[in-house]
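Engineer: What follows is a protein structure lacking sequence information:
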């Protein structure tokens, strides 16, 4: 299983000027679906990621795109 983190500089057309960061999770055909589900659940529960897209390839591989809003903190002092 491979995780690829895409920073806030990567924007998609449907984001309409919102800033998101993306995480792409790639699962090979040899890896179990249960393990992939556990990893996705952990990211969603503890990292506040939302599942945006799922893709199933002919060979049995899967790719999941997750995103979360970038919180911009402004200095007040």
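Structural biologist: Received the coordinates, thanks. On a predicted model such as this, the values are computed, not experimentally measured, just so you know.
Engineer: Residue 44 falls within a strand, correct?
Structural biologist: No. Using DSSP: H, G, I helix; E, B strand; the rest coil, the secondary structure at residue 44 is helix, not a strand.
Engineer: so what's it up against?
Structural biologist: 50-51, 66 (Cβ atoms under 8 Å, 6 or more residues apart in numbering). Glycine gets a C-beta too; all of them are placed from N, C-alpha and C.
Engineer: Now do the same for the nearest residue to residue 20 once chain neighbours are set aside: helix, strand or coil?
Structural biologist: Once flanking residues are discounted, residue 20 sits nearest to residue 67: 4.4 Å by Cβ to Cβ, 6 or more residues apart in numbering. Of the three states, residue 67 takes strand under three-state DSSP.
Engineer: Residue 67 touches residue 52, doesn't it?
Structural biologist: Yes. Counting by Cβ atoms under 8 Å, residue 52 is a contact partner of residue 67 at 5.1 Å.
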